[in-house]
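model the following, please.
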Amino acid sequence: MTHALTRTPVRTALEIALGIGVALAAGLALPLLIHLIPVEAGPPAGARLLPIFVALIIAAMRMGLIPVLAIAVAQPFLNQLLTGRPEGAMAYTLAAELLITAGVLLAARRWAPRALPFVAAPAYLLAAAIVNLLVSGQGPLATWSFAVAFQLPGLALLALTGLLASRGRPSGAPPDRHGEGAS
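Numbers count the residues shown, from 1 in each chain. Alright, predicted model coming up:
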């Protein structure tokens, strides 16, 4: 006799906690590895390759609202606590960029699921422009010119992550009652 597994609230909570833990671990490991790359001049490797956004993009493609927002807020502060990066107030700036990026990705997942594979890099660019405007008063052109000058490899990484993370997701699959996709 086969006993069908049912999805209990405890099992669901454990799955969500495990997903958050894996995303936070990836969000810690990727930047740590990237910062080992020596850079002669200009911004550090993390600012060029944007590794902290990779785990968030994957989570936003697969997890619900609350876990994704928790990941977006916790990642920069966990990194700062354990590695010393990002330095100083940059953790707050990065948290704001991660939150806005997450919001754009979650909105696209809900209202434009067919566009979702292509939204990751533009979501980051929009978030960076908004945060840069609020923090330093510089318009989007300053942000985007910096992105063109230094972040093209990182934007390509985000675009590739979005394409790969969205694979296997049914187009337009509505989130279930726990806010997770049907995949």
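
how far away is residue 18 from residue 89?
Taking C-beta to C-beta, to the nearest Å as the measure, residue 18 falls 32 Å from residue 89. Any C-beta I mention is one placed from the backbone N, CA and C, and that applies to glycine too.

where does pLDDT dip in the protein?
1-6, 169-183 (pLDDT under 70).

mind listing what's buried in the helix or strand hosting residue 25?
Per DSSP states H and E: residue 25 is located in helix 9-34. For helix 9-34, a neighbour-count test (16 or more other C-beta atoms under 10 Å) marks 16, 19-20, 23-24, 26-28, 30-31, 34 as buried.

counting by contacts, list what that helix packs against.
Where contact means 3 or more C-beta pairs under 8 Å, 6 or more residues apart in numbering; DSSP states H and E, helix 9-34 is packed against helix 45-49, helix 52-62, helix 65-83.

which of the ones you listed is buried the deepest?
helix 52-62 (a mean of 26; mean count of other C-beta atoms under 10 Å).

which residues sit against that helix?
19-20, 23-24, 26-27, 30-31, 46, 67-68, 71-72, 75-76, 79, 94, 98, 101-102, 105-106, 109, 116, 120, 124, 154, 157-158, 161-162, 165-166, 169, 180-181, 183 (C-beta atoms under 8 Å, 6 or more residues apart in numbering).

any idea of the angle it forms with helix 65-83?
160 degrees (axes from the mean of the first three to the mean of the last three C-alpha atoms, to 10 degrees).

C-alpha coordinates for helix 52-62, PDB please?
Included here for helix 52-62 are C-alpha records, laid out as PDB according to Å, rounded to 0.1, in the frame of the first residue of the first chain:
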ATOM      1  CA  ILE A  52      25.000  38.800  -4.500                       C
ATOM      2  CA  PHE A  53      22.100  39.200  -7.000                       C
ATOM      3  CA  VAL A  54      22.400  35.700  -8.400                       C
ATOM      4  CA  ALA A  55      20.900  33.900  -5.400                       C
ATOM      5  CA  LEU A  56      18.200  36.500  -5.200                       C
ATOM      6  CA  ILE A  57      17.200  36.100  -8.800                       C
ATOM      7  CA  ILE A  58      17.000  32.300  -8.500                       C
ATOM      8  CA  ALA A  59      14.900  32.700  -5.300                       C
ATOM      9  CA  ALA A  60      12.600  35.300  -7.000                       C
ATOM     10  CA  MET A  61      11.900  32.800  -9.800                       C
ATOM     11  CA  ARG A  62      11.100  30.000  -7.400                       C
END
